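**Student:** Sequence and predicted structure are below.
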Amino acid sequence: MEAAVTAARIATKEGRGAIFAPLAMGGAGGLRAGGTAADRLVRWLDGMETASRTAMRHLDDIEAWSARAENEMATLSGRTPPALRAVLTEWPLVSAPMAEAMTGASRAAVQRNMAWMEARSLIREVTGQGRYRMWRAAN
């Protein structure tokens, strides 16, 4: 908890800098409390570096996916395809009801566009269920 609080305080110091510090993305090492203060600081700094690199790679992947999706979806008309692409860019997992609410599109339009995107390997369904399904951008 101490490391997480420290990361949050550094990230939001005086309202400048990062909005968050992705410490958990670096594994549990940066959050481990045992050892001397010097050992904890080294683990925390290593965890912050690893987490920041992981977050940057993830953001690069999402940016590349968005560009690829925009290119492939260029032939589609209407406001739903770009709105759906924006939702899938901003959220790691998206359900059809969530996409419907966030895009303002009808359930049928969302499902039709998601099926089109899934058929072209732009998104993939991750829950493996018939109900309460969730999709993510396919990198």
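**Tutor:** Noted; the coordinates are in hand. Numbering: from 1, shown residues only.
**Student:** contacts, neighbours, all on C-alpha from now
**Tutor:** OK.
**Student:** Trp135 versus the residue nearest the centre of the chain, what's the distance?
**Tutor:** Centroid-nearest residue in the chain: Pro92, 3.9 Å away (criterion: C-alpha atoms, centre = their mean). Per C-alpha to C-alpha, to the nearest Å, Pro92 is found 8 Å from Trp135.
**Student:** Just the endpoints, please. Distance across stretch 27-47?
**Tutor:** End-to-end distance of stretch 27-47 (C-alpha to C-alpha): 7 Å.
**Student:** Thought Gly27 was touching Trp44, still the case?
**Tutor:** No. Assessed by C-alpha atoms under 8 Å, Trp44 is found out of contact with Gly27, at 10.3 Å.
**Student:** Those two: who's more crowded?
**Tutor:** Shown here are Trp44 and Gly27; by other C-alpha atoms under 10 Å, Trp44 has more neighbours (24 against 15).
**Student:** care to break the protein down by domain?
**Tutor:** Split into domains by automatic domain parsing, the chain comes to 2-57, 73-137.
**Student:** Quote the end-to-end distance of the longest one.
**Tutor:** By that I understand domain 73-137. Domain 73-137 end-to-end distance (C-alpha to C-alpha) = 14 Å.
**Student:** can you pull the pLDDT of the residue nearest to the centre of the chain?
**Tutor:** Here, the pLDDT recorded for Pro92 equals 90.
**Student:** Who's the closest spatial neighbour of it, skipping the chain neighbours?
**Tutor:** The spatial neighbour of Pro92 that comes closest, neighbours along the chain excluded (C-alpha to C-alpha, 6 or more residues apart in numbering), is Arg136 at 5.9 Å.
**Student:** now swap in Ser66 and tell me
**Tutor:** Of all residues not flanking Ser66 in the chain, Thr89 sits nearest, at 6.4 Å (C-alpha to C-alpha, 6+ apart).
**Student:** now for the helix or strand encompassing that neighbour, which elements pack on it?
**Tutor:** Using DSSP states H and E, Thr89 sits in helix 80-90. Applying 3 or more C-alpha pairs under 8 Å, 6 or more residues apart in numbering; DSSP states H and E, one finds that helix 80-90 contacts helix 37-72, helix 96-103, helix 107-119, strand 135-137.
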